[in-house]
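[1] Sequence and computational prediction follow.
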Amino acid sequence: MMATKARTASSFSSKVRKRDTGEQGNWGEFAAMSRGEADIPIPAPHAEARPIIGEDSQIAASAKFGEGARIGGGARIGEDVTIGAGASIGEGVVIHAGAQIGAGTSIEDDASIGEGASVGERATIRQGVVLQASSVLGDGGVLDEEVSVGEGARLGRDVQVEQSTRIGAQVMIDEGAVVGEDSVLEDRSSIRHSSRVGDSVTVGKSAEIHAGSIVGSGARIGSRSRLEGTFGDELEVGSRSRLLGGSTWGDNVQVGDGVKVETGASSRFADDAQLGDKTLLTAAVVTGELSTGEGVTIKGGSGAGELYGTIAIGAGSTLDGAIALQDGTEIGESVQIHGPSGAHRDEVVTQIDRDCEVLDRAIIRSGVRLGERTLVGSAAEIGQAVVTGAGTDICDRVRISDFSVIDGSMVGEGATVGHGAQTGYGAELGGRSVIEDNVVIEPYAHVEDDGYVPRGAVVTETPR
């Protein structure tokens with residue numbers, strides 16, 4: 001049995017406050033204590049275990065040490081603590097009752113290990129770290145300077161947490177995950193295995209970062225949200241949102257509350273994308289910029305939806321079914337865009353080409369194909385499988401029925417076009433005109449305001 005000199009008091013059975021945590025430990029009485037200095041026998045599980053104890057250390061009689069353990073000066077080791085072979089405990093370290101320190105672990109100066117906490121083998125705990133009661137750090141884990149780990153938190157094998165990060169109570173960080181400096185993981189949040197979280201990130205209560213995901217620096221993730229994919233810097237996500245499927249997101253993305261995105265790994269969201277409250281994207285492929293307002297719904301049904309660069313979708317929009325939105329598309333508030341239901345094999349994807357604009361409260365039925373630079377006015381309604389050519393201008397409150405073809409024509413405000421009608425390039429349909437079913441209006445022909453064209457008629461070019 002080895003003996004060493006240490007400065008002691010007559011009894012240490014009173015409570016000793018843990019540094020910076022408010023926890024208390026019950027320190028056992030030292031053996032053979034007397035006034036001034038005394039020989040203190042150090043219990044050891046094996047006769048060959050010979051820890052090295054620094055000056056002014058306070059060691060509870062029931063503490064156990066593996067061979068070659070080192071205890072720095074001024075350290076305090078509580079009742080029933082176990083310190084493995086070759087472990088190094090720095091100066092001023094406090095280890096509370098029942099804590100377990102694995103073999104080969106290094107705990108640097110002024111760190112504090114809470115009651116019942118567990119630290120695995122070959123772990124590294126830097127200066128000033130606080131590991132609160134019942135928390136766990138797995139084998140090979142690294143906690144940099146001034147990291148704080150809350151009560152009951154569980155950090156897996158080879159986890160790395162950089163300096164000054166605060167980890168809340170009951171947080172889960174799985175093996176191989178990395179958390180950057182000055183970050184905050186609030187209570188019950190989860191970082192799954194092999195994920196990387198940047199510097200100055202805030203993860204809200206009960207939020208979850210899925211396995212293998214990357215979150216850039218400066219991100220703010222609301223409570224109960226779930227993220228999967230690669231996210232750039234300065235991400236902002238509201239509460240209860242779901243960004244799943246492994247997509248890649250650019251910098252400065254803003255996502256509101258209750259947003260649900262379930263896209264594939266091939267999806268790309270460019271810098272400055274914005275998704276308003278309660279937006280829903282399902283099975284969509286998104287490439288480039290995307291901006292949506294509140295209440296938007298985008299669904300890929302029979303086949304995946306595809307959205308390509310510089311897309312703006314306003315509040316209250318609904319996109320469902322298989323939908324392809326191309327570059328430059330702009331969609332206003334309360335728009336509804338429908339894709340095929342999947343009930344019939346011959347249904348086709350709803351497709352909106354580049355630089356189209358769909359204004360507020362418009363309705364686009366399934367299978368529509370809007371050509372480049374098509375404008376659909378406010379409260380207009382476009383029927384199933386309607387096709388428009390490049391440069392088509394459909395004014396406010398127009399109604400175009402199913403299977404019609406509008407090729408680069410201008411359809412005036414309040415006009416009505418029947419089933420199967422066809423208009424040629426450059427044709428003009430006046431405001432409030434009525435075009436019955438199966439009408440053919442040839443290129444550059446003109447129908448006057450309030451005009452009427454009967455079923456099956458052909459309107460030829462009219463001199464202007």
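    Thanks, I have it. The structure displayed is predicted, hence computed values, not measured ones. Numbering: from 1, shown residues only.
[2] so what strands line up beside the helix or strand hosting Ile337?
    Using DSSP states H and E, Ile337 maps to strand 336-338. Note on strand 336-338: by DSSP bridges, its sheet partners are strand 318-320 (parallel), strand 363-364 (parallel).
[3] hey, least reliable of the ones you listed by pLDDT?
    Ranked by mean pLDDT, the strands paired with strand 336-338 bottom out at strand 318-320, with a mean of 64.
[4] so after it, what's the next helix or strand?
    According to DSSP H and E, the helix or strand after strand 318-320 is strand 323-325.
[5] What helices and strands are in contact with that next one?
    strand 305-308, strand 350-352 (3 or more C-beta pairs under 8 Å, 6 or more residues apart in numbering; DSSP states H and E). C-beta coordinates here come from the backbone N, C-alpha and C atoms, glycine included.
[6] What is the distance between it and the centre of its chain?
    Strand 323-325 has its C-alpha centroid displaced from the chain centroid by 24 Å (C-alpha atoms, centre = their mean, to the nearest Å).
[7] and what of stretch 179-186?
    14 Å.
[8] hmm, who's touching it?
    The contact list for stretch 179-186, computed with C-beta atoms under 8 Å, 6 or more residues apart in numbering, reads 144, 159-168, 171, 173, 191, 197-205, 207, 217, 223.
[9] what about that stretch, average pLDDT?
    Confidence for stretch 179-186, expressed as mean pLDDT, is 98.
[10] List the buried residues of that stretch.
    Applying a neighbour-count criterion of 16 or more other C-beta atoms under 10 Å, one finds 179-181, 183-186 buried in stretch 179-186.
[11] what sits against the residue lying closest to Glu91 once chain neighbours are set aside?
    Spatial nearest neighbour of Glu91, chain neighbours left out: Gly72 (3.8 Å); criterion: C-beta to C-beta, 6 or more residues apart in numbering. By C-beta under 8 Å, 6+ apart, the contact list for Gly72 reads 54, 57, 88-93, 109.
[12] Local confidence estimate at Gly72?
    pLDDT, Gly72: 96.
[13] can you tell me how far it sits from Val94?
    Per C-beta to C-beta, to the nearest Å, Gly72 is found 11 Å from Val94.
[14] same question, Thr423
    Taking C-beta to C-beta, one finds Thr423 at 83 Å from Val94.
[15] what does Ala69 give?
    16 Å.
[16] ditto for Pro340
    Pro340 is 66 Å from Val94, by C-beta to C-beta.
[17] who's more crowded, those two?
    Val94 (26 against 23; other C-beta atoms under 10 Å).
[18] was I right about that one contacting Asp109?
    No: the pair Val94 and Asp109 does not pass the contact test of C-beta atoms under 8 Å, sitting 11.1 Å apart.
[19] Tell me where the model's unsure across this protein.
    Within the chain, the stretches with pLDDT under 70 are 1-50, 264, 266, 280-322, 341-347, 462-464.
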